[in-house]
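> after the sequence you'll find the predicted model.
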Amino acid sequence: MSTIGFIGLGHMGGPMAANLVKAGHHLTVYDVVPVSLAGVKIAANLAELIKDVDYVISMLPAGIHVREVYLGADGLLAHADRSIIFMECSTIDVKTAKAIHEAVEKKGGVCVDAPVSGGTASAAAGALTFMVGGSDQAFEQVKPILEAMGKKIFHAGLAGCGQMAKICNNLLLGISMIGVCEAFNLGKALGLEPKAFFDICKEASGQCWSLTQYCPVPGIVPQTPANRDYEPGFMAKMMLKDLNLAEDAAHTVSATTPLGEKARDLYQAFCDAGYQDKDFSGIIEWLVWQ
C-alpha cells in the first residue's frame, strides 16, 4: 500500500481520506482546522506532512489556497526534496492549475489536476467521478489511488484539462438545476402533481441528472438534500464559485455563455439572500418568491 499525504479534510476531503484508509493506504493528514480521523497520522505542518510520503492529495476551497499550500514560502514545494506525485483535487482556475503543474515539474515531481464530481454523498460512498489532467504516464500512476475514492476516472487531457472539464461540467449543472427547478415550480402552479411530472419527465426528453439523481423536490428521490431541508450536498456558495470560474474562463477565450451568466447571477442573489450554505438545489424554493 502507498504512503499518502492528504491536505484539506473538509466536507469532501474528510470522506475521501477515510476511503483511502479503508483501502489500506497509510495516510498523514493536515488541515488548518484541527481534525480527527481514525487510522491516520496528523501532521503539524506541511513540512512534516511531505517528509515521508510518496503521494500528496490536496482538496482545498479555492485557487488562492492551492497557491499558498503549494507555492508559499513554507508550502509543499519549499520542502519537496525528492520526486513526489501530486494530485490536486480542488476545483480551481485553469491558470493556477497549470502553474502548479509547472512548479511541481521544476522540482522533479509529477502532477495531475484531478477535480471531482459527485458531492458529499459520493465522497462518502467512494463513488466520485475524477477528471484528470496530466500526461498519460502520470494518469496511470495516479489511477490506482483515485480508484479508492471514485468509481469513474477519466483522463481529460494534458495539464489543466481536468479543471477545464470540471468547470464546463458545473456550468452545465448550474444551468440544468435551475431549469429543473423552474419546470417543477411551473408544473405545481398549473396544478400538476410533482411526482407525476417526475415520472413522466425522467422518461421524456427533459430527463437530466439534476432531475433523476438530484431531484430538488422532497419525497421523490431518496437521499437527496431536498429530503433533509437542503442540507448540503453541494453548497450554493460552491456552485457560485464554480459558475464564476466558468465565466472567467469564458472571458479569457471570448466564449459566449449567456445562460451561464444568468445562472451565476441567480446563484449570486440566492447566496446574497442568506442561503449560501444551503444545498444548491434549494434554489427551487427561493425562485418561487422572485
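All right, it came through fine.
> please report the distance of the residue of the chain most remote from its centre from Lys202.
What lies farthest from the middle of the chain is Gly191; by CA atoms, centre = their mean that is 36.6 Å. When distance is defined by CB to CB, to the nearest Å, Gly191 is 20 Å away from Lys202. Quick note: C-beta positions are derived from backbone N, CA and C, even for glycine.
> distance of Val217 from Tyr275?
Taking CB to CB, one finds Val217 at 17 Å from Tyr275.
> need the per-residue pLDDT for the residue farthest from the centre of the chain.
pLDDT, Gly191: 98.
> please shift the residue numbers so they start at 341 in all later answers.
With the count now opening at 341, the last piece we talked about shows up as Gly531.
> buried stuff in the strand or helix carrying Arg407?
Assigning secondary structure by DSSP states H and E places Arg407 in helix 403-411. Across helix 403-411, burial judged by 16 or more other CB atoms under 10 Å covers Gly403, His405, Val406, Arg407, Val409, Tyr410, Leu411.
> tell me which residues touch the residue lying closest to the last one once chain neighbours are set aside, please.
Closest residue to Leu411 apart from its sequence neighbours, by CB to CB, 6 or more residues apart in numbering: Ala443 at 5.9 Å. The neighbourhood of Ala443, defined by CB atoms under 8 Å, 6 or more residues apart in numbering, consists of Tyr410, Leu411, Leu417.
> surely the first one meets Ile440?
Yes. With contact defined as CB atoms under 8 Å, Tyr410 and Ile440 form a contacting pair (5.2 Å).
> list residues touching both of those two?
In contact with both Tyr410 and Ile440: Phe426, Glu428, using CB under 8 Å, 6+ apart.
> quick one: Gln616 from Leu580, how far?
7 Å.
> and Pro558, by the same measure?
23 Å.
> next one: Ser398
22 Å.
> with Met341 instead?
38 Å.
> and the two? Which one has more around it.
Counted by other CB atoms under 10 Å, Met341 and Leu580 do not tie: Leu580 has more neighbours, with 23 against 9.
> what's the closest non-adjacent residue to that one?
Tyr607 (4.4 Å).
> ok, the one you found touching Phe620?
Yes. Here Tyr607 reaches Phe620: they are 7.1 Å apart, a contact under CB under 8 Å.
> measure Lys528 to Ile624 for me?
Taken as CB to CB, the span from Lys528 to Ile624 is 10 Å.
> and those two? Which one has more around it.
Ranked by neighbour count (other CB under 10 Å), Lys528 and Ile624 place Ile624 first, with 21 against 14.
> ok, the more buried one to Ser398 distance?
For Ile624, the distance to Ser398 - CB to CB - is 33 Å.
> circling back: tell me the pLDDT at the residue nearest to Leu580?
The model's pLDDT for Tyr607 equals 98.
> what's the pLDDT at Phe426?
Reported pLDDT for Phe426: 98.
> give me the neighbour count for it.
Count around Phe426 with other CB under 10 Å applied: 29.
> centre of the chain to the strand ranked longest in the chain, how far?
Ranked by residue count, the top strand of the chain under DSSP state E comes out as strand 490-497. Strand 490-497 sits 13 Å away from the centroid of its parent chain (CA atoms, centre = their mean, to the nearest Å).
> got the angle between the next helix-or-strand element following that strand and strand 490-497?
Going down the chain from strand 490-497, the next helix or strand is helix 501-530, by DSSP H and E. Going by axes from the mean of the first three to the mean of the last three CA atoms, to 10 degrees, helix 501-530 is angled at 120 degrees with respect to strand 490-497.
> quick one: contacts for His405?
Neighbours of His405 in contact, by CB under 8 Å, 6+ apart: Ser430.
> one more pass at 10 Å, please.
Ile347, Gly348, Val372, Ser398, Gly412, Ser430, Ile432, Thr436 (CB atoms under 10 Å, 6 or more residues apart in numbering).
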